[in-house]
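Enquirer: Mind looking at a prediction? Sequence and model below.
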Amino acid sequence: MEERQEPRGPQGEGQNQGGTALILRVLRVSLHVGFAVLLLVAVVRLVIGPASPVALGAGLVLSLLLAAVYLAGTLLEKRHAADPARFDPNPFALRWLVAVTLLWLLLLTVSSDFAWVAFPLFFLQLHLLPLRWALPAIGASTALLVGALWFHSRGAGSGAGDGGMQLAMVLGPVFGAAFAVVTGLAYRALYAEAENQRRAAEELRRTRAELARSQHDAGVLAERERLAREIHDTLAQGFSSIVLMGRSAAKALDAGDQETVRSRLQTVQETAAANLDEARSFVRGLRPPALERSTLVDTLRRLCMKTESEAAARGTPLRCRFELDGTAVELPNAYQATVLRAAQSSLANVWAHARARTAVVTLSFLDAEVTMDIYDDGVGFDPAIVLPAAAARGDGSGVGLSSLRERLSALGGSLDVESAPGEGTVVAIRLPLPERDGLSEGSASGA
């Protein structure tokens, strides 16, 4: 009954607690063994001594009863500590202590040999009772012990050694009680330290679990945002182009223009194939397929040609050209993908919304950065009004510039949009170049 739940903690923090827990376990086992040995010695002395049959019978019955009560309490507490779902005996701890103490006092009336069982009981009182109650209880038990020893020795008569025996009957229990108090207080301090370590370990484990959950949630959110950007910049725009080309082919078919129908269907096939490649690419986390087959400069040039074709299908005579400023260098995959996605998103907005006649994509390689400007002479807009309204839409559209800004921010770049109603639009991106040792210079073919 006197045992409390042993400290537990994660394996990483358990080394410090392991030594403390071992000491506590040794002290508890020593307490149990000491109680059993002292009780057994007292019973043996009672059996071989000159006790009357009545005293012998009463002593044996009370001893067995005391051993049974003590053992039942300790076993119940041990089982509860191992499995908290089992019966909890802690609410009955004080009653158990009272029963053990009363049985011991009854045994004291039978024989003084049971006096030494008091010392394990002192430890139990210190462990189970608050300190303000434990000390008076130990004092009262000590006084009863001294009284019992005097009671059993009162008929021994007077002699030269009586004074020493009387003093020993007082000093022995008093010193024993004092030693039990000091040891018990040390046990309390050790137990409190073990409990503090256990609570700290549990808090650390809980904090680690919360951190792992937050990191997992952040990873899921980041991956979701990545997929949203990829879908918007590739599949969504490709499907939009397919829809547009399909409508244009249907109109040409109604007009009997077979050549235009074939051209539009060819564009639909090429766009669908490119979308399929893009889908497979970003699922695998690879670079855009267009960059696998050619350089960034050539890819941007073909993108301008494709934009002209899509605008023509829409009925807009858009002239889109590509310009290279400086000597092209090989950029890391992340930089190439970001520049390509920026051009795709910006040009998609040009032919879908700007109603422009001219669009120019200018890629510039400077000493410390790479820049790209996408200019159109379309209807323009007020960025202070249109951009927040587009970002607030919840239908999946209007996320192009915000996702592009996130891409650039991840690489330390920036995005600026300059426009005004009736004055066209310029989308400017800036990306700081990595260390020159990580780049290999080379001319872009056809630049």
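Expert: Perfect, I can see it now.

Enquirer: Would you map the strands across the protein?
Expert: Here the chain has its strands, by DSSP state E, at 319-325, 329-330, 358-365, 369-376, 414-419, 425-432, 440-441.

Enquirer: Tell me how far the closest residue to residue 296 other than its chain neighbours lies from residue 167.
Expert: Excluding the flanking residues, the one nearest residue 296 by C-beta to C-beta, 6 or more residues apart in numbering is residue 336, at 4.9 Å. All C-beta spots, glycine's among them, are computed from the backbone N, C-alpha and C. According to C-beta to C-beta, to the nearest Å, residue 336 and residue 167 sit 98 Å apart.

Enquirer: Likewise for residue 315?
Expert: 121 Å.

Enquirer: Repeat that for residue 255.
Expert: For residue 255, the distance to residue 167 equals 129 Å [C-beta to C-beta].

Enquirer: swap in residue 346?
Expert: 104 Å.

Enquirer: which one of those two has more residues nearby?
Expert: Ranked by neighbour count (other C-beta atoms under 10 Å), residue 346 and residue 167 place residue 346 first, with 28 against 10.

Enquirer: wait, what's in contact with that one?
Expert: 361, 374, 400, 404, 427 (C-beta atoms under 8 Å, 6 or more residues apart in numbering).

Enquirer: what's the most distant pair in the residues you listed?
Expert: By the measure C-beta to C-beta, 361 and 400 form the most distant pair in the contacts of residue 346, at 15.7 Å.

Enquirer: Which strands or helices does the top helix by length along the chain pack on?
Expert: Ranked by residue count and defined by DSSP state H, the top helix of the chain is helix 162-230. Here helix 162-230 touches helix 14-48, helix 118-128, helix 131-153, helix 258-284, helix 400-410, going by 3 or more C-beta pairs under 8 Å, 6 or more residues apart in numbering; DSSP states H and E.

Enquirer: From the contacts of residue 346, which shows the smallest pLDDT?
Expert: pLDDT across these is lowest for residue 400, at 65.

Enquirer: How much space separates residue 341 from residue 318?
Expert: Where residue 318 is concerned, residue 341 sits at a distance of 20 Å (C-beta to C-beta).

Enquirer: hang on, I meant residue 174
Expert: Distance of residue 174 to residue 318, given as C-beta to C-beta: 106 Å.

Enquirer: More neighbours: these two, which one.
Expert: The residue with more neighbours, out of residue 174 and residue 318, is residue 318; 24 against 15, by other C-beta under 10 Å.

Enquirer: What are the neighbouring residues in contact with the more buried one?
Expert: 307, 308, 311, 312, 350, 351, 356, 357, 358, 359.

Enquirer: Just give the closest residue to residue 423, not the sequence neighbours.
Expert: residue 380 (4.8 Å).

Enquirer: For the one you found, the count of nearby residues, please.
Expert: Applying other C-beta under 10 Å, we find 20 residues neighbouring residue 380.

Enquirer: Could you pull up the contacting residues of the closest residue to residue 45 other than its chain neighbours?
Expert: Counting by C-beta to C-beta, 6+ apart, residue 45 lies nearest to residue 113, which is 4.4 Å off, once chain neighbours are set aside. Listed by C-beta under 8 Å, 6+ apart, the contact set of residue 113 reads 41, 42, 45, 46, 49.

Enquirer: Per-residue confidence, residue 113, what does it come out as?
Expert: 84.

Enquirer: could the helices and strands packed on helix 162-230 go into a markdown table alongside distance to residue 188 and mean neighbour count?
Expert: Output for the helices and strands packed on helix 162-230, formatted as a markdown table (distance: least, C-beta to C-beta, whole Å; neighbours: other C-beta atoms under 10 Å):
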| stretch | distance to residue 188 | mean neighbour count |
| --- | --- | --- |
| helix 14-48 | 11 | 15 |
| helix 118-128 | 7 | 22 |
| helix 131-153 | 8 | 16 |
| helix 258-284 | 62 | 16 |
| helix 400-410 | 56 | 18 |
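
Enquirer: Adding distance to residue 196 as columns, could you present the ones you listed in TSV?
Expert: Supplementary listing: those in TSV, determined by distance: least, C-beta to C-beta, whole Å:
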stretch	distance to residue 196
helix 14-48	10
helix 118-128	18
helix 131-153	18
helix 258-284	50
helix 400-410	44
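
Enquirer: what's the spacing between the closest residue to residue 421 other than its chain neighbours and residue 404?
Expert: Using C-beta to C-beta, 6+ apart and skipping residues adjacent in sequence, the residue nearest residue 421 is residue 380, 5.1 Å away. The gap separating residue 380 from residue 404 is 19 Å, by C-beta to C-beta.

Enquirer: With residue 189 instead?
Expert: Taking C-beta to C-beta, one finds residue 189 at 63 Å from residue 404.

Enquirer: quick one: which of the contacts of residue 113 is nearest residue 237?
Expert: So of the contacts of residue 113, ranked by how close each gets to residue 237 (C-beta to C-beta), first place is residue 41, at 92.8 Å.

Enquirer: any idea of the pLDDT on that closest one?
Expert: 90.

Enquirer: Equivalent analysis for residue 144, please.
Expert: 85.

Enquirer: on that earlier part again, quick one: the residue nearest to residue 421 and residue 49, what's the gap?
Expert: From residue 380 to residue 49 the distance is 115 Å (C-beta to C-beta).

Enquirer: Just give the number of residues close to residue 93.
Expert: 18.

Enquirer: my guess is it meets residue 127, correct?
Expert: No: when contacts are counted by C-beta atoms under 8 Å, residue 93 is not listed as touching residue 127 (9.3 Å).

Enquirer: Number of residues surrounding residue 246?
Expert: Count around residue 246 with other C-beta under 10 Å applied: 15.

Enquirer: can you tell me which residues contact it?
Expert: 264, 268.

Enquirer: returning to what we had before: which one of the helices and strands packed on helix 162-230 lies closest to residue 203?
Expert: Closest to residue 203 of these, according to C-beta to C-beta: helix 14-48, at 13.5 Å.

Enquirer: ok and that closest one relative to helix 162-230, angle-wise?
Expert: 150 degrees (axes from the mean of the first three to the mean of the last three C-alpha atoms, to 10 degrees).
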